[in-house]
Structure formats: structure tokens, C-alpha cells
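A.B. asks: need coordinates for the following:
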Amino acid sequence: MKYLLMIYGNQEKWDSIPPESWADEVAKQEAFNKKYRETGELLGAYGLADAVAARLVRRESGAPAVTDGPYLETKEYLASFYLLDCESEERAYEIAADIPWADREPVEVWPILHESPVNSL
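C.D. replies: Numbers count the residues shown, from 1 in each chain. Modelled structure (predicted):
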């Protein structure tokens, strides 16, 4: 079964990390990624750009209309997400709890309800 893990962030959180600690924090995350890639359970890990780089896209007259956004109602925004393929919900919880920052911030775990295969031809 596939699961989406999500971590939220904000500028205040990033600013609280001393600059000299960033390399260690990134190394911890890369070790986590390597560990679960090797088990075959981590399909992808993606860190997102800051919220100021996000855009909203609508269709107008058949063409993309791109505007600044999103206009968040909260200071928290989606910072990273992980796609897992593991044997059970309990295993997804174990992996989520192993994320380096899970002792400081919660990780959302969402079961993937439906998947549309990319290579379905």
C-alpha cells in the first residue's frame, strides 16, 4: 500500500536552526532517505521551495493563467513530502516516526486511495 508523508514548515522554524547546523540536519535527512530507498519502501522524497515561489494556475480560455500564491491563511506550509510503498499502515507509521524531525514536529500520514498508472498503455 502507498502512503504520502507530509512535513510542514515556516520561516520561523528554518530561522531557528543555527547556520552551522544545516549540514548536519541535511545529512540526517539524507541518511533517512538512503535507509528507506534501500528497503524499497521510499519511492521519492521531495523538499519544496519556499511558499513565496509557489504559484496558482487556473485555466482561462483554454490556456494557463498563472498568478502569485498560494495565499495561505496560516504561517505553516507544506515543506516536504515522501511517497512510500510499504506493507501496512503500521509500517508507514514506523517510517514516519523515523524522520529526523519527528521528535520535534508531527508528520502527516495519508493513505493513497487511488493511483493512476503513468504507463497504462
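A.B. asks: residues in contact with the most centrally placed residue in the chain?
C.D. replies: Closest residue to the average C-alpha location of the chain: Phe81 at 1.2 Å, with C-alpha atoms, centre = their mean. Shown in contact with Phe81 (C-beta atoms under 8 Å, 6 or more residues apart in numbering): 4-7, 45-46, 48. (C-beta placed from N, C-alpha, C; glycine too.)
A.B. asks: regarding it, what is its secondary structure?
C.D. replies: Under DSSP: H, G, I helix; E, B strand; the rest coil, Phe81 falls in the strand class.
A.B. asks: for Glu90, same thing?
C.D. replies: Glu90 ends up helix, using three-state DSSP.
A.B. asks: the protein: strands as residue ranges?
C.D. replies: When assigned using DSSP state E, the strands of the chain occupy the ranges 2-9, 42-47, 55-60, 63-68, 77-85, 108-111.
A.B. asks: pairing partners for the first one, with directions?
C.D. replies: What that stands for is strand 2-9. Using DSSP bridges, the strands paired with strand 2-9 are strand 77-85 (antiparallel), strand 108-111 (antiparallel).
A.B. asks: buried sites along it?
C.D. replies: For strand 2-9, burial by neighbour count (16 or more other C-beta atoms under 10 Å) applies to 3, 5, 7-9.
A.B. asks: can you state the direction angle for the helix of greatest length in the chain and strand 42-47?
C.D. replies: Ranked by residue count, the top helix of the chain under DSSP state H comes out as helix 22-38. Using axes from the mean of the first three to the mean of the last three C-alpha atoms, to 10 degrees, the direction of helix 22-38 lies 160 degrees away from that of strand 42-47.
A.B. asks: low-confidence ranges, the chain, go.
C.D. replies: 70-74, 120-121 (pLDDT under 70).
A.B. asks: can we see that at 50?
C.D. replies: For the chain, applying pLDDT under 50 flags no range at all.
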